[in-house]
Every structure is written in C-alpha cells, then in structure tokens.
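**Student:** sequence plus predicted model, see below.
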Amino acid sequence: MQNSDNSDECYSDDQQESPRFLYNFKEINLQNKTLLAEIRIICKNLIYVIGLAPSIAKEDLLKKPEYFGQYGQIQKLIVIQSNTFNPPSHAAYITYRNEQEASLAILVIIIFKIYGV
C-alpha cells in the first residue's frame, strides 16, 4: 500500500506479521536491507510491463506521450532486457507520480491487450 504523503514509504505485505509495518527506505541501512528480501513490498504507483518490442524498449522513448508518458508524470523508468528468449524479450519498471496515474496506465494496457484497440 503506497503512502500518499511520501513516495519513498511503502507498507510491507508480509503474511507472517500483523499489522503492516511502514518502512522508510531512506532510513534502512545496508545491513538491514537484507531483511527486505523476505518482505513483499507493494507500491501502487509502480507498474511492470513485459513483452516490449526491442525497437521501443528505450527509456527516453517510453517516457514520451506516445507511449507511457501519456498516462502521467513518470518519476523513474528502468528497461530490462532478457537474452534467454529468441528474439530477446524486454520489460520495464515504470514509477508514476501517484497511484491514479499507474492505474490508468494499467487499465489502458489491459484494454489494448484484450481488445486490440
């Protein structure tokens, strides 16, 4: 669950612990970051897109209004290439300013994928 006051804060969704704990990533030191490997972090302003064509799998291109920039202000975008497939598969982590912008991007992608609009 994303905290709307600070984009660096996310709640853990650890099934073993209740209630949910709030972690501020800026305050976690290197030693304690190993604890995060066992915690599922939910950030509702972050989307993960798979199956991107190599021709468009470029950060500057995906930020443009013709692609994912049209759904809101992108704060961070990371493109990942996997060479385990032939042709290579690309994916992207896209962090929007807020949950509403990320939700809009997800909705449009689902409609595009299902209906081919």
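**Tutor:** Structure's in. What do you need? Keep in mind it's a predicted model, so treat the numbers as computed, not measured. Numbers count the residues shown, from 1 in each chain.

**Student:** okay, CA-based contacts and neighbour counts for the rest of this
**Tutor:** Fine.

**Student:** buried residues in the longest helix along the chain, which are they?
**Tutor:** Ranked by residue count under DSSP state H, the longest helix found in the chain is helix 99-115. Applying a neighbour-count criterion of 16 or more other C-alpha atoms under 10 Å, one finds 99, 101-103, 105-106, 109 buried in helix 99-115.

**Student:** stretch 69-80 too?
**Tutor:** Result for stretch 69-80 [16+ other C-alpha under 10 Å]: buried residues 69, 71-74, 77, 79.

**Student:** pLDDT and secondary structure added to those residues, as CSV?
**Tutor:** Below are the buried residues of stretch 69-80 laid out as CSV (pLDDT from 0 to 100; DSSP: H, G, I helix; E, B strand; the rest coil):
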residue, pLDDT, secondary structure
Gly69, 96, helix
Tyr71, 96, helix
Gly72, 97, coil
Gln73, 97, coil
Ile74, 97, strand
Leu77, 97, strand
Val79, 97, strand
